[in-house]
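> starting from these lines, generate the structure:
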Amino acid sequence: METAPQCSKQTKNDSFDNTEDETLLSGLPDDLAQLCLSSVSPSLLFSVCHAWRRLLYSPSFPPFFSLCALLSPLQIPTLGEGSPQNSIEFFSFDPLSSAWKPLPSPPQNPPLHLLHRHPSFLSRNLPIQSLTVSNHLVLIAATTHHLFPALSSPLVFHPESNHWFYGPQVSTPRRWCATGSSQGVVYMASGIGSHYNRDVARSMEQWDLNKKSENWGWENKAQLKDGRFSREAVEAVGYRGKLCMVNVKGNALKEGAVYNVEYDKWEDMPRGMVAGWNGPAATMDEDVIYAIDEVKGSLSKYDGEKDCWVKLIELEQLKHAEQIAAGRGKICAVSAKGKRIIVLDVGERPARFWEVVPPRGLKVVAVHVLPRMSRQE
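Below is the predicted model of the structure:
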């Protein structure tokens, strides 16, 4: 029978907790014990003893992955004098403890004004565009209460250090643009600034996070042939060295475009790809594209060789899905009106799924798969 090693008393200079004196593995120094435990399932470490649980959240331990969500109040905030101008909150869901925890507060210089719903436009949500890039959460575009672009620079959160920072300033702050990433490089295309501009609507820029911060900046790339991608908040999905996007959400007639990263060139989207792109889409490791048909509630993956979509599962809970994220073998879908997150394990056959409910009084705007936040000592 397999048994779990027991935790025993530790010296007073314990680096993981100074309230309980426990070693990780009896008879081994902590550095060697950590090497041994790093190959054990995080769910097992969490459930055995307090010392192992503290180790899971220490900055020196390889992080397990969790959900990072942008949340908005269920009640629409008023915009009167003295009212808050930022309607977005940032939380992390720990899958081991099944608990939501707020992220550290973003920097307030300049003040952050992100509006998801405007009291004067009750029937329409305002997009807040965010990405997962090299294990960072990157906010690219949003709208203020005056219906202006909210971000002049990307706002970035690094969960492993619990640190927020701003990226390089963009040439033209915008909203309703196409945003995506490939191999650690952020791309922003089209969109509108404080007013429509044809040059901005056709523009394409990139920011390479792989470079040192002192060398950060936005670089102009090949232009789009027209400004049709400035009508919606567009997901530019990184797929095998290319960015794939459609200009209209849902089952409406749409136009697709593909940007070849290596050759800095725009291409037509394959017919089968655009025909089956009937809802939110995301990529797993930039190798497989998944999309949800928001009318049928079916999850499919794209077969590039046959230029077709292969249905994996159909669920009532996936109907009217608003956004999805992919990572670590899981697909995470924000349900209609943000009332819950549906998590599907696509590595199992049939795909297993479960639900995650947001904190009370809040709804989900977007979800991402990121490393857990560390507990700084």
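> so where's the stretch 51-200 of the chain shaky on pLDDT?
Scanning the stretch 51-200 of the chain for pLDDT under 70 picks out 76-85, 119-123.
> what about the helices in it?
Remark: helices assigned in the stretch 51-200 of the chain by DSSP state H, counting those that start in this stretch are 198-202.
> strands along that one, start to end?
In the stretch 51-200 of the chain, the segments counted as strands under DSSP state E, counting those that start in this stretch are 65-73, 89-94, 99-102, 129-133, 136-141, 155-158, 163-166, 178-182, 185-189.
> quick one: strands adjacent to the longest one?
Based on DSSP bridges, the strands next to strand 65-73 in the sheet, each with its direction, are strand 89-94 (antiparallel), strand 362-371 (antiparallel).
> the third one too?
Strand 99-102 has the following sheet partners, assigned by DSSP bridges: strand 89-94 (antiparallel).
> I'd like the distance from the partner strand to the chain centre, please.
Here the centre of strand 89-94 is set off from its chain's centre by 11 Å, with C-alpha atoms, centre = their mean, to the nearest Å.
> cool, stretch 348-356 as well?
Put simply, stretch 348-356 sits 20 Å off its chain's centre (C-alpha atoms, centre = their mean).
> next one: stretch 307-314
For stretch 307-314, the separation from the chain centroid amounts to 23 Å (computed by C-alpha atoms, centre = their mean).
> likewise for stretch 219-237?
Per C-alpha atoms, centre = their mean, the centroid offset for stretch 219-237 relative to its chain is 20 Å.
> pLDDT on that stretch, on average?
What stretch 219-237 shows for mean pLDDT is 94.
> now do the end-to-end distance for that stretch.
End-to-end span of stretch 219-237 (C-alpha to C-alpha, to the nearest Å): 19 Å.
> now swap in stretch 260-271 and tell me
Per C-alpha to C-alpha, stretch 260-271 runs 17 Å from first to last residue.
> ok, residues contacting it?
Outside stretch 260-271, the residues within contact range by C-beta atoms under 8 Å, 6 or more residues apart in numbering are 182-183, 185, 221-222, 224-225, 241-244, 246, 256-259, 304, 307. No exception for glycine: its C-beta is placed from N, CA and C like everyone else's.
> which SS class is R360?
Following DSSP: H, G, I helix; E, B strand; the rest coil, R360 is assigned to coil.
> what pLDDT does the model give it?
95.
> and for N18?
41.
> same question, Q6
Reported pLDDT for Q6: 42.
> and what of S43?
So, for S43, pLDDT stands at 84.
> surely it forms part of a strand?
No - counting by three-state DSSP, S43 is located in no strand; its state is helix.
> for the closest residue to it other than its chain neighbours, list the residues it contacts.
Closest residue to S43 apart from its sequence neighbours, by C-beta to C-beta, 6 or more residues apart in numbering: L96 at 5.9 Å. Residues in contact with L96 (C-beta under 8 Å, 6+ apart) are P42, S43, F46, L56, F64.
> buried subset of the residues you listed?
Among those, those classed as buried by 16 or more other C-beta atoms under 10 Å are P42, F46, L56, F64.
> pull the contacting residues for the last one.
The contact partners of F64, taken as C-beta under 8 Å, 6+ apart, are P42, L56, P95, L96, P371, R372.
> in JSON lines, list the residues you listed along with distance to Q129.
Formatted as JSON lines, the contacts of F64 follow (distance: C-beta to C-beta, whole Å):
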{"residue": "P42", "distance to Q129": "31"}
{"residue": "L56", "distance to Q129": "32"}
{"residue": "P95", "distance to Q129": "25"}
{"residue": "L96", "distance to Q129": "29"}
{"residue": "P371", "distance to Q129": "21"}
{"residue": "R372", "distance to Q129": "24"}
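> out of those, who's nearest A33?
Nearest to A33 out of the contacts of F64 is L56 (C-beta to C-beta; 13.3 Å).
> ok, back up a step: and which of the buried ones among the contacts of L96 is nearest to G338?
Using C-beta to C-beta, those come closest to G338 at F64, 24.9 Å.
> restricted to strands, list the contacts of stretch 260-271.
Counting by DSSP state E, the part of the contacts of stretch 260-271 found in strands is S182, V185, K242, L243, C244, V246, G256, A257, V258, Y259.
> need those in TSV with neighbour count and distance to L312, can you?
Below are the ones in strands among the contacts of stretch 260-271 laid out as TSV (neighbours: other C-beta atoms under 10 Å; distance: C-beta to C-beta, whole Å):
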residue	neighbour count	distance to L312
S182	22	24
V185	19	29
K242	20	22
L243	26	23
C244	25	19
V246	25	20
G256	18	21
A257	24	26
V258	19	23
Y259	26	27
